[in-house]
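Asks: What would the 3D arrangement of this be:
(2 chains)
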2 protein chains.
Amino acid sequence: MQTELSRKLGVEYAVFGFTPFPAVAAAISRAGGFGVLGAVRYTAPDDLKRDLDWIEAHVDGKPYGLDVVMPAKKVEGVTEADVEAMIPEGHRQFVKDTLAQHGVPELAEGEASGWRITGWMEQVARTQLDVAFDYPIRLLANALGSPPADVIDRAHERDVLVAALAGSARHARKHADAGIDIVVAQGYEAGGHTGEIASMVLTPEVVDAVAPLPVLAAGGIGSGQQIAAAFALGAQGVWLGSLWLTTTEAELTSPRLIEKLLAAGSGDTVRSRALTGKPARQLRTEWTDAWDDPQGPGALPMPLQGLLVADAVSRIQKYEVEPLLGTPVGQIVGRMTSERSVQAVFDDLTRGFEQAVDRVNRIAGRSEEQ
Amino acid sequence: MQTELSRKLGVEYAVFGFTPFPAVAAAISRAGGFGVLGAVRYTAPDDLKRDLDWIEAHVDGKPYGLDVVMPAKKVEGVTEADVEAMIPEGHRQFVKDTLAQHGVPELAEGEASGWRITGWMEQVARTQLDVAFDYPIRLLANALGSPPADVIDRAHERDVLVAALAGSARHARKHADAGIDIVVAQGYEAGGHTGEIASMVLTPEVVDAVAPLPVLAAGGIGSGQQIAAAFALGAQGVWLGSLWLTTTEAELTSPRLIEKLLAAGSGDTVRSRALTGKPARQLRTEWTDAWDDPQGPGALPMPLQGLLVADAVSRIQKYEVEPLLGTPVGQIVGRMTSERSVQAVFDDLTRGFEQAVDRVNRIAGRSEEQ
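Replies: Residues are numbered from 1 along each chain as shown, chains lettered A, B, ... in the order given. Have a look, this model is predicted:
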């Protein structure tokens, strides 16, 4: 499973795995893919440093990358307090009421929210980069828009490839114009922030729009068959995020959330603004329903919504309040039916890929049995 | 491009083309695919008879099929008048106001609406079948749910395969239990009535759910690359509808609508209840915006909405009222950028398919250059 891009990065499989968990990222790279650590949750530089040290110690010299969040659109006012001041009181009350309805306990006095907005702010992402550039990362991905020009330059000086997510051909072209190296075409069915164009249509459109830049297909990919489909559509690799959430190396702390993920079908997600203020696919819960309800106040724009709900989300997760408990995940969640090791997932992906290639060759009349 | 199903039907390519136009259906079958004539617009049996005669005379003995609409859920009250009586006055006024805002002229006295609801009603579909079973059709497809058991039996007695569209694995299993022969997995990105699960996820899920029944992938398919992707996902064929709308054989009477289709991008469609009361993907227009507006009255359930808007849609189409002018079409509309013959489209599809197979084999390390 080799493309120009996988050869350039020196990986066996053109399978890029995005994950917030260092152990998963390292296992993906060790299995022959390319692990990408999501940095958004690291508000303290030392935490990121500790986890990159851990990856270095466990990745057997294989290449890996980092994913940061630098929103293309910024809200004026740089401190968290400035942003806090922009949140209407009615929205705060709606959060309180919704939590009260479900009897969600408060966090203990002085207990920090585990889910912070600050990682979404550019200066935090920059401190993450200051840490990360001391490590031999080979890829820097940005989830919302192209990174600033100086960040792209800094990456290129260190021989780090820069990737940016795009939900449309137009966004992809903007990224290409900004000088990035790889476009991740994020289809409607993907977990997290997504547009409305499905991978089947989006992937070839983005490939055509930015050629000869390589494109990774993201959204709806959780099997070797889907990987083969992505390559047929012109991708030079695939970008998988959801699939790793139920691996044994993942560090989801809520057993109930894992159960929910294992039980969910492909129809149990929703593209909702509930979590960050921008449409992001996640498990559908009474929490997303409350924010998506036309009778309710509706979600605020990014980054206000994320700041507004940060503590609430922490409380829901800590106390595992079933009806409200969710997480960003794609429609592929319907395929996540058991906890397996990253290596077992990879074995399945590569086996399914070979079977799909056999199948396509039979249909094309190119197999030896023909 | 041969599968078990294409061999059974005796066609060269496992490409099923759905179209309301007899000339397109015949051209698809002549080109080596399988043309399927949409029957919903035939309210008079003689019109359907005339067009099936035409197909017989122009299909060069190649196989073809028919697509009818028998909704699984029925509204009580069998006559059009009974259904008319269920429409609230406020909704009628909203139609009038919206048309008046855009200065849409009335139809001439006694001029029939070209877009009728009646084709959606089961007894009309049954008169269509009475006509169609006198012709050597090889496939009967139903757009909304499984056909009634007696219809399936009647088809099977005549060696006609029965297909049903499904937007989820659960629906697909229900169809399989009802005794149909083929499931059309209709992805989110498809034109017309669709669910929310994208083809990349839906196709393999439906394949697994109904195996060994054959599955056709529908939604997002307008190139040979996408056909190869569908086969990688386990489909035994592809079902294309939108792509034929801008072929030279199509009989769209509105030049402005053709221009709109040729100009539209993949992001210019919307899944809206505006046309029939059930979510159907179509060009986004001020008409769909009006019905999707949370401040408006919202669309009525099927079949009320279709009956309510039938005359309005006819007027918009006849007078080509630009801001309101639309049609069901999938996200693949972004690929429809020139008017071409059905044969030219087929040449592109087969060429693109071969290129995609080459590409996948190169990536899999199976090409001779490796």
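
Asks: got the buried residues for the helix or strand of chain A with the lowest mean pLDDT?
Replies: Within chain A, no helix or strand scores below helix A:80-84, which has a mean of 77 by mean pLDDT, DSSP states H and E. Residues of helix A:80-84 classed as buried: A:Glu80, A:Val83 (neighbour count, 16 or more other CB atoms under 10 Å in any protein chain shown). Where you see a C-beta, it was placed from the backbone N, CA and C, and this is true even at glycine.

Asks: does A:Leu165 count as helix, strand or coil?
Replies: strand (DSSP: H, G, I helix; E, B strand; the rest coil).

Asks: Quick check, A:Leu261 in contact with A:Thr337.
Replies: No: contact criterion CB atoms under 8 Å: A:Leu261 and A:Thr337 do not qualify, at 9.4 Å.

Asks: okay, the two: which has more neighbours?
Replies: Shown here are A:Leu261 and A:Thr337; by other CB atoms under 10 Å in any protein chain shown, A:Leu261 has more neighbours (23 against 13).

Asks: quick one: average confidence on the host helix or strand of the more buried one?
Replies: Element membership of A:Leu261, judged by DSSP states H and E, is helix A:255-263. For helix A:255-263, mean pLDDT is 97.

Asks: send the alpha carbons of stretch A:349-364 over as CSV?
Replies: In CSV, the C-alpha atoms belonging to stretch A:349-364 read as follows (Å, rounded to 0.1, in the frame of the first residue of the first chain):
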residue,chain,number,x,y,z
LEU,A,349,-7.3,-2.9,7.3
THR,A,350,-4.5,-4.5,5.2
ARG,A,351,-6.4,-7.8,4.8
GLY,A,352,-9.6,-5.9,3.7
PHE,A,353,-7.6,-3.8,1.3
GLU,A,354,-6.1,-6.8,-0.5
GLN,A,355,-9.6,-8.4,-0.7
ALA,A,356,-11.0,-5.3,-2.2
VAL,A,357,-8.2,-5.0,-4.8
ASP,A,358,-8.9,-8.7,-5.7
ARG,A,359,-12.6,-7.9,-6.0
VAL,A,360,-12.1,-4.8,-8.2
ASN,A,361,-9.7,-6.8,-10.4
ARG,A,362,-12.2,-9.6,-10.9
ILE,A,363,-14.9,-7.1,-11.9
ALA,A,364,-12.4,-5.4,-14.2
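
Asks: Run through who's touching that stretch.
Replies: A:1, A:13, A:15, A:223-225, A:227-229, A:232, A:367, A:369-370, B:1-3, B:14, B:228, B:231-234, B:353-354, B:357, B:360-361, B:364, B:366 (CB atoms under 8 Å, 6 or more residues apart in numbering or on different chains).

Asks: re earlier: what is in contact with A:Leu261 and A:Thr337 at once?
Replies: By CB under 8 Å, 6+ apart, no residue touches both A:Leu261 and A:Thr337.

Asks: At the contact with chain B, which residues of the stretch 1-150 of chain A appear?
Replies: Neighbours of chain B within the stretch 1-150 of chain A, by CB under 8 Å from any CB of the partner chain: A:Met1, A:Gln2, A:Thr3, A:Ala14.

Asks: now the helix holding A:Leu261, how far from the centre of its chain.
Replies: 19 Å (CA atoms, centre = their mean, to the nearest Å).

Asks: helix or strand right after that helix?
Replies: That would be, after helix A:255-263 and using DSSP H and E, strand A:269-272.

Asks: got the domain boundaries for chain A?
Replies: A:1-74+A:121-250+A:344-364, A:79-115+A:253-326 (automatic domain parsing).

Asks: sec struct for A:Gly222, please.
Replies: Relying on three-state DSSP, one would call A:Gly222 coil.

Asks: thinking it is in contact with A:Ile332, fair?
Replies: Yes: judged on CB under 8 Å, A:Gly222 makes contact with A:Ile332 at a distance of 3.7 Å.
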